[in-house]
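A.B. asks: Could you look at this predicted model? Sequence included:
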2 protein chains.
Amino acid sequence: MSSRFPVMEIFGPTIQGEGMVIGQKTMFVRTAGCDYQCAWCDSAFTWDGTGKEDIRMLTAEEIAAELREIGGTTHVTISGGNPALLPHLNELIDRLHEQGITVALETQGSLWKNWFLQIDELTLSPKPPSSGMTTDWSQLDAIVAQLTEHERAFSLKVVVFDEADLQYAVTVHERYKQVPFYLQAGNDDVIQEDTSVLLNRLIERYKWLVDMVIASSALTNVRVLPQLHAWLWGNKRGK
Amino acid sequence: MSSRFPVMEIFGPTIQGEGMVIGQKTMFVRTAGCDYQCAWCDSAFTWDGTGKEDIRMLTAEEIAAELREIGGTTHVTISGGNPALLPHLNELIDRLHEQGITVALETQGSLWKNWFLQIDELTLSPKPPSSGMTTDWSQLDAIVAQLTEHERAFSLKVVVFDEADLQYAVTVHERYKQVPFYLQAGNDDVIQEDTSVLLNRLIERYKWLVDMVIASSALTNVRVLPQLHAWLWGNKRGK
């Protein structure tokens, strides 16, 4: 029997606004449910109950059919919530690969699944102190070791809101020095509805982070990025 | 005897604002001289005579020494002008590699040099109709073939100002379908000194390009990016 996955939303084509494939034309599949509850989560509706009526239990084939229907790109990004909660997600990945689709996925690195090895572009995004979450380093070590051993294309990404987060980013980067490393300026105003007010705030936060990284002797070979989707569309969902 | 290279400016560390290594902490070496004269060139001082008093004729070792001095990153971006005019640039690339530095370079794909094969991240950026330049397709074909044959990490990037440029981008992408392809929103106001006026204009232009790519059935597996440095610092030189 085919597994069913809790799907919160399917949308696109749009562009990936952040991380290792920033700018990529892609469709999104957002799964519901998370083992974390980050203080500043920009997709809290996936786990705080407010979006629960939007959740649909879909098979891999049903998801793939919706993606074929909307079309326009050969790239799909799976996000959450934390999709690493789903043991049989390989069924979806296989189905998408059969359709010639490249699959990117983001997860926080708190849980391992064997299907990580099938993801074309995997982002591990451990959460800094401002999130209120605690990193399980032995778990993250094991995940990085598995991906490295299998020579997978993956990256680490840390969202930074303040100096404590920046120090955390340094710790992550130094622990996994050979892994491509991304710093991302956090959006500290996820309820702002005025897009131009938000834009000025986001640019100020990005500039701050760029300046901090430029001045840092510990962060010499890293990439610093904003969230382009928030710059373009503010806090709107489904863009 | 060591070769001397016409260096217009050396600056950094800053971030790479565009293309395949967008966000990368890097230092820049900008060489003088170009075989093109693009209508909207944002570095026209490298070839139109206005910057000629800033040109210094430096050896690879002198350039490397200045980069060691400013430090802070293990990544260097060589830009121009067109650095592909310089036959012995391998001397600089070798020297930087000896220092453990990763080297990125951008050129328009009008000229081949054997040292292209030594570049870690090479961007070919053929120029669209709005530039006023004409693409030598047989030359670009030969360059792409060489890089492909040698399995080099390279990408194509087309700057887009209008619909004719977008059509040109489709032509380039379809001709070299297997090469990672980037579209970049052009800055059509390179003399604007008010950074906030410029920012609104750049975001509007980027949004336009994103919308065009989202709607395009010919551009399915591509990346669309802005120039982050212009968003942060406007039209200032040396950032």
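C.D. replies: Sure thing, it's come through.
A.B. asks: Tell me how many other residues surround A:N114.
C.D. replies: Counted by other CB atoms under 10 Å in any protein chain shown, the residues lying close to A:N114 total 9. C-betas here are computed from N, CA, C, even on glycine.
A.B. asks: Within the sheet, what are the partner strands of the strand ranked longest in chain A, with directions?
C.D. replies: Secondary structure of chain A per DSSP state E: the longest strand is strand A:4-15. Its sheet considered, strand A:4-15 pairs with strand A:25-31 (antiparallel), strand A:56-59 (antiparallel) by DSSP bridges.
A.B. asks: Comparing those, which comes out most buried?
C.D. replies: Most buried of those, by mean neighbour count (mean count of other CB atoms under 10 Å in any protein chain shown): strand A:25-31, with a mean of 24.
A.B. asks: Give the buried residues for the longest strand of chain A.
C.D. replies: By 16 or more other CB atoms under 10 Å in any protein chain shown, the buried positions in strand A:4-15 come out as A:4-10, A:12-15.
A.B. asks: now stretch A:143-154
C.D. replies: So for stretch A:143-154, counting by 16+ other CB under 10 Å, buried means A:143-144, A:147, A:154.
A.B. asks: Next up, the contacts around the most centrally placed residue in chain A.
C.D. replies: Centroid check for chain A by CA atoms, centre = their mean gives A:E106 as the closest residue, at 3.6 Å. Counting by CB atoms under 8 Å, 6 or more residues apart in numbering or on different chains, A:E106 touches A:19, A:77-80, A:83, A:122-123, A:125, A:157.
A.B. asks: A:V190 too?
C.D. replies: Taking CB under 8 Å, 6+ apart, one finds A:40-42, A:235 in contact with A:V190.
A.B. asks: Buried among those? Make that a ChimeraX selection.
C.D. replies: This is how ChimeraX selects the buried members of those, with burial counted by 16+ other CB under 10 Å:
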select /A:40,41,235
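A.B. asks: Please identify which of the contacts of A:V190 is nearest to chain B.
C.D. replies: Nearest to chain B among the contacts of A:V190: A:N235, at 15.9 Å, using CB to the nearest CB.
A.B. asks: how far away is the closest one from A:S43?
C.D. replies: 11 Å (CB to CB, to the nearest Å).
A.B. asks: Identify the nearest residue to A:L209 in space, disregarding sequence-adjacent positions?
C.D. replies: Distances taken as CB to CB, 6 or more residues apart in numbering or on different chains put A:A185 closest to A:L209, at 4.5 Å, once the chain neighbours are dropped.
A.B. asks: for the closest residue to A:D165 other than its chain neighbours, what are its contacts?
C.D. replies: Distances taken as CB to CB, 6+ apart put A:P128 closest to A:D165, at 3.7 Å, once the chain neighbours are dropped. Contacts for A:P128 were tallied using CB under 8 Å, 6+ apart; they are A:158-161, A:164-165, A:168-169.
A.B. asks: try 7 Å this time
C.D. replies: Contacts here follow CB atoms under 7 Å, 6 or more residues apart in numbering or on different chains; on that basis A:P128 touches A:158-160, A:165, A:168-169.
A.B. asks: quick one: pLDDT of it?
C.D. replies: pLDDT, A:P128: 98.
A.B. asks: And for A:E193?
C.D. replies: 80.
A.B. asks: Now do it: how many residues are near it, please.
C.D. replies: Count around A:E193 with other CB under 10 Å applied: 10.
A.B. asks: what about it, distance to chain B?
C.D. replies: Noted for A:E193: a distance of 18 Å to chain B, by CB to the nearest CB, to the nearest Å.
A.B. asks: Tell me which stretches of chain A form strands.
C.D. replies: A:4-15, A:25-31, A:56-59, A:75-79, A:102-107, A:121-124, A:154-160, A:181-185, A:223-225.
A.B. asks: any chance of these in JSON lines, plus mean pLDDT?
C.D. replies: As requested, those are arranged in JSON lines below (pLDDT from 0 to 100):
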{"stretch": "strand A:4-15", "mean pLDDT": "97"}
{"stretch": "strand A:25-31", "mean pLDDT": "98"}
{"stretch": "strand A:56-59", "mean pLDDT": "98"}
{"stretch": "strand A:75-79", "mean pLDDT": "98"}
{"stretch": "strand A:102-107", "mean pLDDT": "98"}
{"stretch": "strand A:121-124", "mean pLDDT": "98"}
{"stretch": "strand A:154-160", "mean pLDDT": "98"}
{"stretch": "strand A:181-185", "mean pLDDT": "98"}
{"stretch": "strand A:223-225", "mean pLDDT": "98"}
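A.B. asks: about what we covered before: sitting in helices, which of the buried residues of stretch A:143-154 do you find?
C.D. replies: The helices, defined by DSSP state H, take in A:143-144, A:147 from those.
A.B. asks: count of residues packed around the nearest residue to A:L140 once chain neighbours are set aside?
C.D. replies: Using CB to CB, 6+ apart and skipping the chain neighbours, the partner closest in space to A:L140 is A:G109 (4.7 Å). Residues within reach of A:G109, counting by other CB under 10 Å, total 29.
A.B. asks: Contact residues of chain A facing chain B?
C.D. replies: A:13-15, A:22-25, A:72-75, A:203, A:207, A:210, A:213-214, A:217, A:219-225, A:231-232 (CB under 7 Å from any CB of the partner chain).
A.B. asks: Could you identify the buried members of those residues?
C.D. replies: So, by 16+ other CB under 10 Å, the buried ones in those are A:13-15, A:22-25, A:72-73, A:75, A:203, A:210, A:213-214, A:219, A:221-225, A:231-232.
A.B. asks: could I get the strands of chain A as TSV with distance to A:E91?
C.D. replies: TSV is the format used below for the strands of chain A (distance: least, CB to CB, whole Å):
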stretch	distance to A:E91
strand A:4-15	8
strand A:25-31	13
strand A:56-59	8
strand A:75-79	12
strand A:102-107	12
strand A:121-124	18
strand A:154-160	21
strand A:181-185	29
strand A:223-225	32
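A.B. asks: Give the residue spans of chain A that score low on pLDDT.
C.D. replies: Applying pLDDT under 70 to chain A picks out residues A:1, A:237-239.
A.B. asks: again, only using 90
C.D. replies: Scanning chain A with the threshold set as pLDDT under 90 gives A:1, A:42, A:187-200, A:234-239.
A.B. asks: ok, longest helix in it?
C.D. replies: Counting residues, the longest helix found in chain A (DSSP H) is helix A:195-215.
A.B. asks: Just the angle for it relative to strand A:154-160, thanks.
C.D. replies: Angle of helix A:195-215 versus strand A:154-160, following axes from the mean of the first three to the mean of the last three CA atoms, to 10 degrees, is 110 degrees.
A.B. asks: Give me the contacts around helix A:195-215.
C.D. replies: By CB under 7 Å, 6+ apart, the residues outside helix A:195-215 that reach it are A:160, A:166, A:183, A:185-189, A:192, A:219, A:222, A:224, A:226, A:230-231, A:234-235, B:13-15, B:25, B:72, B:231-232.
A.B. asks: quick one: buried residues of that helix?
C.D. replies: Applying a neighbour-count criterion of 16+ other CB under 10 Å, one finds A:195, A:198-199, A:201-203, A:205-206, A:209-210, A:212-214 buried in helix A:195-215.
A.B. asks: Export those residues to a markdown table and append columns for distance to A:Q139.
C.D. replies: A markdown table is the format used below for the buried residues of helix A:195-215 (distance: CB to CB, whole Å):
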| residue | distance to A:Q139 |
| --- | --- |
| A:T195 | 38 |
| A:L198 | 34 |
| A:L199 | 37 |
| A:R201 | 34 |
| A:L202 | 31 |
| A:I203 | 35 |
| A:R205 | 29 |
| A:Y206 | 30 |
| A:L209 | 27 |
| A:V210 | 31 |
| A:M212 | 28 |
| A:V213 | 27 |
| A:I214 | 32 |
